[in-house]
Structures are given as structure tokens and as C-alpha cells.
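Colleague: Kindly generate the corresponding structure for this input.
(one chain, ligands or ions: 1)
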Amino acid sequence: MQTDSLLERRYRVLGHNSPLFYDKPLHLVRGEGVWLYDAEGRRYLDAYNNVPHVGHCHPRVVAALSRQAATLNIHTRYLDENVVAYAERLTSLFDPQLSMAMFCCTGSEANELALRIARDCSGGLGIISTAWAYHGNTAAVMQVSSLFTPEDRRGPYVRTVPVMDPYRDRAGRSDEELATAYADDVKRAIDSFSAAGVRFAGLLYCTAFSSEGLPTVPVGFMAKALAHVHAAGGYFIADEVQAGFGRMGSHIWGHQKLGVVPDIVTMGKPMGNGHPLAGVVARRDLVEAFTKSNMYFNTFGGNPVSAAVGMAVLDVIEEEGLRENAVTVGDYTLAKLKQLGERHTLIGDVRGAGMFFAVELVSDHQAKTPATAQTKRLINLMRERGVLISRIGMHDNILKIRPPMPFSQQHADLLVDTLDQVMETL
Ligand SMILES: Cc1ncc(COP(=O)(O)O)c(C=O)c1O
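Modeller: Coordinates of the predicted model:
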């Protein structure tokens, strides 16, 4: 009753188009670790949310937040030990050439700032992003977010290039041939800017290719494409909003796993474990050139509370070995999901890295026909059985499984067993 009336009130004041998960929206009231609790006291295993990266309401993060909030919180135009120490710690996690940080409050703002830096420093406007990508909600960032912006609304300064998905696009080609085909597509997009009289500014992609469906991009895949980008005077912006902070297990950043060094990196979501903290880390020469001719001030981005929270998140990741946990539990979970794939013909492909998994559902293995309707039913049935996951991909037929990082083998067992039971009923 309480939930029904809340839904009605929400519709009235926020509208029917403000997105909500599940056919029966969830009314959550509490979180702890990998668990969420609804208004009726029912417990859900959270196998979806990456924002509570170190676990919902982690006591260490909550304590850092409340301690600093009770001491001082102010906008960012004063000297503050927290933000300098945090920026030093954060940049130390990158390749040495990525040595300067700028802070903001959302991933959208981080990507907006990155686009401004790339455009200002290159003197160009043309940006290449991947097909079916999402990078945020500002006017400029929406134009490079093809997931929600149809081609005729992307404007003249955006081209999209699909990332190669070895499951669907291999067509008998080796990794090397796939990489060359992708690099050729990037080169063609750069040439099409020149043909249209648009100077090129850069290439932007999410280093997990999350919205694109988490394709297993081979190591070394990007090198040729990035050579074209740099030869054309553009910059590579790595969006680490989803892949960063150890999510991919083997490395702290998705671009490190791909074996490339970006010119500009953007990050958000997990950075503040739910507190609105986001940022850009970039090459010193680019940040200095940009800030010389552009004023950048963000009232809240990197304030003393945000910096204290960001630091606590890094402490927890390191002290609790959460990246290492993403390797061991991640490998375990992936293996179990693959075993499930041998039992259920609906599963066409299982892939992932670290604590990020995709299970692609198809109704015909040969034709790889997307099982979109079953995927939607499945995530709703999982929710009914107390496990939260979602879906991604161009056909909305890929289960998106991306739990908070303290996910354990027991949690993985519960996830996969529930998935097994639900698939039996489809
Ligand atoms: C890869 C990626 N980049 C950027 C964003 C935008 O972040 P925010 O919603 O914090 O603005 C998102 C959000 O889903 C994202 O997934």
C-alpha cells in the first residue's frame, strides 16, 4: 500500500517517463554491503549496482563523510588539505603522464569537461564515440551518447563507430584482423570529418564498453585506432565511469586492461560510493593549456566532504583488497555462469572481467537471434526471487551483472542458482 501510493505520488510529481527499474518498481529503504532491503523488510542481493562500489553504506565511508560534514564543508575556492591529498592519491593510480586532476559532481560533467579540453586543445570539434554508448546527460555529452540520441540529433560534430564484438562480429577473423577493421572504421570517421570541413578533436569510449554489451575486446585491439587518432591531432578520452576503481579486476582502470594510455580520463559513479563525486585526470600539458584560456570552477566538485569520501573509498578498496576480490570472485562467478550456459540453450554467450559480467540470451544459437522478451521477463523474475540484475545491449538481450565489489563466492552461488531456477521456468 505504502509503495503503491508512493509510486502514484512519484508519477504525479516526477512524471511517468522518469525511469524506474522493473515491472513492479522497488521501494528500497536500507542498504548494507551487497544487500538491499525494501519497505516490507524483504532482502535483495544486489548484483547490479556499481555506485555503492565498496558496499552499501560502508561504515568507513559514512564515518569519513559525517566527520568532515561536521567539521567543514565549503565551496572549492579555498585551500583545503583534503582535496590536495586526494588529488595526489588519485593521480598516483595512473600512468605518470596523467598527473593532473579536476573535480566535478557527475560523470556527465566529467565527460563535458573532457570534451571541452579535447576540443580546446585540438582546436577541433569532431568527436568519435562508439555506437550504442552512453556518456551522460548534458547537451554536448548527449550528442556523443548514441544510445539515447538518434543520428539526426547528434549534430555535425559526432561520428559513431561500432566497437567489434567478437561474439557477433568475428566472421572468421583473427583478433588482429578485428583490430585492423576497427582502426579502419575509426580512420574512415576521421576522414569523413575532414571531408565535411570539420577539424577532429578526439575519440571517446567507455573502457568496459558497458552499454554496448560488454564485448570481450582483445588486448592490443585499440593501438592501431589510437595511432590514427593521434596522427590526426585528436585526443583519446577514456570514460572510466563504469570500468574504473578496480571493477575490471586485473587493473585499476579499464584502459590499463586494454593496454592503452589515454590523454584524458573521466570517472564518476563508484568514486564517492554514492556521494556525488566525479572527476577528470589528464595530461598536465592539456590541463594547463585548457585552464589558461578557460575558467573552470565547480561549486561542489571536490569540496572537503567529497574529497574525504573519495579518500575513504580508496582506503577501503586497498585495505579490503577489493580489486583482488574482483579477480578471484570474478573468475569464480564467470566460470559458474559459463557452466550455466552449458545447461540452458537460451544462453548464447557469457563474458566479463573482474566484477562485471554479461550473459547474452538468444533464441537461436546459429542466427544469434536476440531473446529480448525473455531477457526482460528474466530480470523481473530474478527481482521477484530477491536478486537484482538488469540488461544492456543494442537488443536489450544481455543480462548486466555488476555487483558491489565485496561480492563473495556465496553471493555468486546465490546469484547463479537463482538464475538457474528462473531459467527453468522461462
Ligand atoms: C560510461 C558512463 N559514462 C558517464 C555516465 C554519466 O554519469 P552520471 O549519470 O553520473 O552523469 C554514465 C552513467 O550511466 C556511464 O555509464
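
Colleague: When you work out contacts or count neighbours from here on, use the C-alpha atoms and nothing else.
Modeller: OK.

Colleague: Can you tell me the centre-most residue of the chain?
Modeller: residue 242 (1.9 Å; C-alpha atoms, centre = their mean).

Colleague: correct me, but that one touches residue 211?
Modeller: No - counting by C-alpha atoms under 8 Å, residue 242 stays clear of residue 211, with 9.7 Å between them.

Colleague: hmm, back to that, which residues are in contact with the residue nearest to the centre of the chain?
Modeller: Contacts for residue 242 (C-alpha atoms under 8 Å, 6 or more residues apart in numbering) come out as 50, 206, 208, 210, 267, 268, 269, 270.

Colleague: can you narrow those to ones near the ligand?
Modeller: 206, 268, 269 (C-alpha under 6 Å from any ligand atom).

Colleague: Just these: which are in strands?
Modeller: When DSSP state E defines the strands, the subset of these inside them is residue 206.

Colleague: which one of the ones next to the ligand among the contacts of residue 242 sits closest to residue 280?
Modeller: Of all those, residue 280 sits closest to residue 268, with 8.9 Å by C-alpha to C-alpha.

Colleague: who's in contact with that closest one?
Modeller: 105, 106, 107, 110, 240, 241, 242, 276, 277, 278, 279.

Colleague: for the chain, which strand is longest?
Modeller: strand 356-364.

Colleague: Sort out which of the contacts of residue 268 are in helices and list them.
Modeller: Residues of those located in helices (DSSP state H): 107, 110.

Colleague: Buried ones among the contacts of residue 268?
Modeller: 105, 106, 107, 110, 240, 241, 242, 276, 277, 278, 279 (16 or more other C-alpha atoms under 10 Å).

Colleague: Make TSV from those residues and add distance to the ligand and pLDDT to it.
Modeller: Shown next, in TSV, are the buried ones among the contacts of residue 268 (distance: C-alpha to the nearest ligand atom, whole Å; pLDDT from 0 to 100):
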residue	distance to the ligand	pLDDT
105	7	98
106	4	98
107	3	98
110	8	98
240	7	98
241	5	98
242	5	98
276	8	98
277	8	98
278	7	98
279	10	98
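
Colleague: Look up how far residue 77 lies from residue 319.
Modeller: 32 Å (C-alpha to C-alpha, to the nearest Å).

Colleague: meant to ask about residue 126
Modeller: 33 Å.

Colleague: and residue 311, which of the three is it?
Modeller: helix (DSSP: H, G, I helix; E, B strand; the rest coil).

Colleague: and if you look at residue 61?
Modeller: Under three-state DSSP, residue 61 comes out as helix.

Colleague: Apart from its neighbours in sequence, what residue is nearest it?
Modeller: In space, and not counting its chain neighbours, residue 61 is closest to residue 312: 5.4 Å by C-alpha to C-alpha, 6 or more residues apart in numbering.

Colleague: Could you pick out the residues of the stretch 301-426 of the chain near the ligand for me?
Modeller: Counting by C-alpha under 6 Å from any ligand atom, the stretch 301-426 of the chain has no residue next to the ligand.

Colleague: For the stretch 301-426 of the chain, which segments count as strands?
Modeller: Using DSSP state E, counting those that start in this stretch, the strands of the stretch 301-426 of the chain run over residues 347-353, 356-364, 369-370, 387-388, 390-392, 398-401.

Colleague: ok but residue 202 is inside a strand, no?
Modeller: Yes - the assignment for residue 202 by three-state DSSP puts it in a strand.

Colleague: What is the burial count for it?
Modeller: Residue 202 is flanked by 26 other residues according to other C-alpha atoms under 10 Å.

Colleague: between the ones next to the ligand among the contacts of residue 242, which is closest to residue 370?
Modeller: Nearest to residue 370 among those, counting by C-alpha to C-alpha, is residue 206 at 23.1 Å.
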